[in-house]
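Participant: My questions are about this predicted structure, shown below with the sequence.
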Amino acid sequence: MIAQENHITSFQKNDTATQKKHSYWEPWVRQYQMMKPKVSKHAYCQQHQLHYTQFLYWYHKLLSPSQTHEMIPVTVTSTPATPPHVAESLATIQVGKDSTLVLHTTEALALALRELL
């Protein structure tokens, strides 16, 4: 399991209303983070008279990891409709109508599964 970072993301929009909401929800999310193992989100919202779905929205928005993804190098080559090495592959993933991703190593398969799941 990958450890989740418990940081609050910085807010960069100039929308005053959204900034006010951010300022309102950030302390609630921080406080819940300190109590998390002891109380459920639903119970926490009931105790503090918070709107549950709004709390969930801001909880995920403020604690979500950055949207950057690890980039891996890929070499694209023109191949026939049925590449001869498909039989030797570990896994084949159809991408759209015209593209196929062929994985030959367990490392490549593990990385693809992590990204897809």
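Facilitator: Nice, thanks for sending it over. Numbers count the residues shown, from 1 in each chain.

Participant: what about residue 45, neighbour count?
Facilitator: By other CB atoms under 10 Å, the residues close to residue 45 number 20. All C-beta atoms are positioned from the backbone trio N, CA, C, and that covers glycine.

Participant: Pretty sure it sits against residue 51.
Facilitator: Yes. Residue 45 lies in contact with residue 51 (CB atoms under 8 Å); the separation is 7.1 Å.

Participant: got the phi/psi numbers for residue 91?
Facilitator: Taking degrees, to the nearest 10, you get phi -160, psi 150 for the backbone angles of residue 91.

Participant: how deep is residue 102 tucked in, by neighbour count?
Facilitator: Residue 102, neighbours per other CB under 10 Å, totals 15.

Participant: For it, which non-adjacent residue is spatially closest?
Facilitator: Excluding its sequence neighbours, the residue lying closest to residue 102 (CB to CB, 6 or more residues apart in numbering) is residue 89, at 4.6 Å.
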